[in-house]
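S.K.: Here is my input; please provide its structure:
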Amino acid sequence: MTGKRKQNKKYRLINHTADLGIEVYGKELQELFSNAGFALFDIMTDISRVKETTERVITVEGNDLEQLMVNWLNDLLYLFDVEGLLFKRFEVQEVESKKVIRDEVIGPSEGKITKNSLTNTSPLVTRHYLNALIAGECYDPNRHIIETAVKAATYHQIQVVKENSKWRAMIIIDL
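M.R.: Numbers count the residues shown, from 1 in each chain. As a prediction, the model looks like this:
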């Protein structure tokens with residue numbers, strides 16, 4: 001039985017028109033991001049049927065925790081879409097914030113950000129980084145059934161918040 005059927009304490013599903021909402025929980029940021037990766041693939045397939053034959057180390061970055069969450073989940077989806085990889089283990093080893101010089105901040109599709117293009121003249125900005133070891137295997141249509149086709153994690157109603165010393169994230173998934 002998969003987590004989505006048990007509605008375990010890692011996450012819960014939220015009703016949302018035409019899409020799917022996920023509320024994810026974690027005692028620490030690393031656990032929150034690990035549980036979000038788990039929830040994503042648990043929604044897609046019966047994760048108990050996925051073996052751990054392939055490992056990957058990935059690094060993700062974002063301007064804030066919300067963008068980091070969306071980038072994390074979309075990078076995982078990219079590995080599924082392009083390489084056919086299903087994952088079941090998500091060891092987020094580090095989530096950190098760093099001050100970087102604004103002129104050196106380059107986003108994947110944003111181009112170079114300069115001081116003149118922003119109203120804040122401070123040369124430093126905070127960037128968030130995530131390093132993780134993930135494990136799974138290539139999709140095998142004889143053993144894996146894709147129960148829910150996921151297109152992307154979205155910014156719609158995204159939240160990553162700390163409440164009463166625990167972390168919670170709300171993510172809307174485009175189906």
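S.K.: Which helix or which strand is home to the spatially most central residue of the chain?
M.R.: Nearest residue to the geometric centre of the chain (CA atoms, centre = their mean): L73, 2.9 Å. Remark: L73 resides in helix 65-83, with elements defined by DSSP states H and E.
S.K.: Find the residue ranges of the protein scoring beneath the pLDDT cut-off.
M.R.: For the chain, applying pLDDT under 70 flags the ranges 1-8, 15-18, 102-122.
S.K.: Where do the strands of it begin and end?
M.R.: Using DSSP state E, the strands of the chain run over 11-15, 20-26, 54-62, 85-101, 106-107, 111-112, 124-138, 152-153, 159-163, 166-174.
S.K.: sorry, back to before: the residue nearest to the centre of the chain and T154, how far apart?
M.R.: 10 Å (CB to CB, to the nearest Å). (Each C-beta comes from the backbone N, C-alpha and C, glycine too.)
S.K.: ok, now which ones touch E52?
M.R.: 88-89, 135-137 (CB atoms under 8 Å, 6 or more residues apart in numbering).
S.K.: Pull out the buried positions in stretch 156-170.
M.R.: For stretch 156-170, a neighbour-count test (16 or more other CB atoms under 10 Å) marks 158, 160, 167-170 as buried.
S.K.: picking up where we left off before, I figured the residue nearest to the centre of the chain hits G37, correct?
M.R.: Yes. With contacts counted by CB atoms under 8 Å, L73 reaches G37, the gap being 7.0 Å.
S.K.: and K151, what are its phi and psi?
M.R.: In terms of degrees, to the nearest 10, the main-chain angles of K151 are phi -90, psi -50.
S.K.: Tell me how far it lies from N74.
M.R.: In this view, K151 and N74 are 10 Å apart by CB to CB.
S.K.: Name the residue in those two with the higher neighbour count.
M.R.: Remark: of K151 and N74, N74 carries more neighbours, 17 against 12, as counted by other CB atoms under 10 Å.
S.K.: The more buried one and A152 touch, don't they?
M.R.: Yes. Using CB under 8 Å, N74 is in contact with A152, at 5.7 Å.
S.K.: residues touching the residue nearest to the centre of the chain, list them.
M.R.: Contacts of L73 (CB under 8 Å, 6+ apart): 36-37, 40, 152-153, 171, 173.
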